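Asker: Sequence plus predicted model, see below.
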Amino acid sequence: MENNFNNMPDRLELIGRKKLSLSGVYSVDGFTEQWLKLTVNGSKAQITGEKIRITSYNKATGNLTAEGEFNGIKYDYKKKPLVKRLFK
């Protein structure tokens, strides 16, 4: 069964910059304590902060919750070209 969240609106709820709830998550592309990289309704999203931990993720429904100290949310982020990353 393939999940298709493209027709579903995504919903982001941030409570006190400490608790995050997000729907429409197709995949978790990577995570550390400082960031989460997600695919949300066909778009890339990056969430930054400190002490971030995923408390629940249900791939079937596309719901994700996380806790930590959140300070940034970007949609459609792009990696810097390799040359720019090498020569800072």
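Answerer: Yep, that arrived. Predicted model, so just to flag it, every value in this text is computed and none were measured. Residues are numbered from 1 along each chain as shown.
Asker: bridging residues for the residue most central in space within the chain?
Answerer: The centroid of the chain falls nearest to L38 when counting by CA atoms, centre = their mean (3.8 Å). Beta-bridge partners recorded for L38 (DSSP bridges): V28, A45.
Asker: ok, it - contacts?
Answerer: Contact analysis of L38 by CB atoms under 8 Å, 6 or more residues apart in numbering lists 22, 25-29, 44-47, 64. In this view, the C-beta of every residue, glycine as well, is placed from N, C-alpha and C.
Asker: Now list the buried members of these.
Answerer: Among the contacts of L38, the ones that count as buried by 16 or more other CB atoms under 10 Å are 22, 25-26, 45-47, 64.
Asker: I'd like the mean pLDDT over stretch 75-85, please.
Answerer: Across stretch 75-85, the average pLDDT comes to 69.
Asker: Same question for stretch 52-59.
Answerer: On average, stretch 52-59 scores 96.
Asker: any idea how far that stretch is from the chain center?
Answerer: 10 Å (CA atoms, centre = their mean, to the nearest Å).
Asker: Can you show me the helices along this protein?
Answerer: Applying DSSP state H to the chain gives helices spanning 82-86.
Asker: Please enumerate the strands of it.
Answerer: Counting by DSSP state E, the chain has strands at residues 11-15, 19-23, 25-31, 35-40, 43-58, 63-75.
Asker: okay, those in a markdown table with distance to F87 next?
Answerer: Converted to a markdown table, the strands of the chain look like this (distance: least, CB to CB, whole Å):
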| stretch | distance to F87 |
| --- | --- |
| strand 11-15 | 35 |
| strand 19-23 | 35 |
| strand 25-31 | 24 |
| strand 35-40 | 23 |
| strand 43-58 | 23 |
| strand 63-75 | 23 |
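Asker: Would you mind measuring from G49 to T55?
Answerer: According to CB to CB, to the nearest Å, G49 and T55 sit 14 Å apart.
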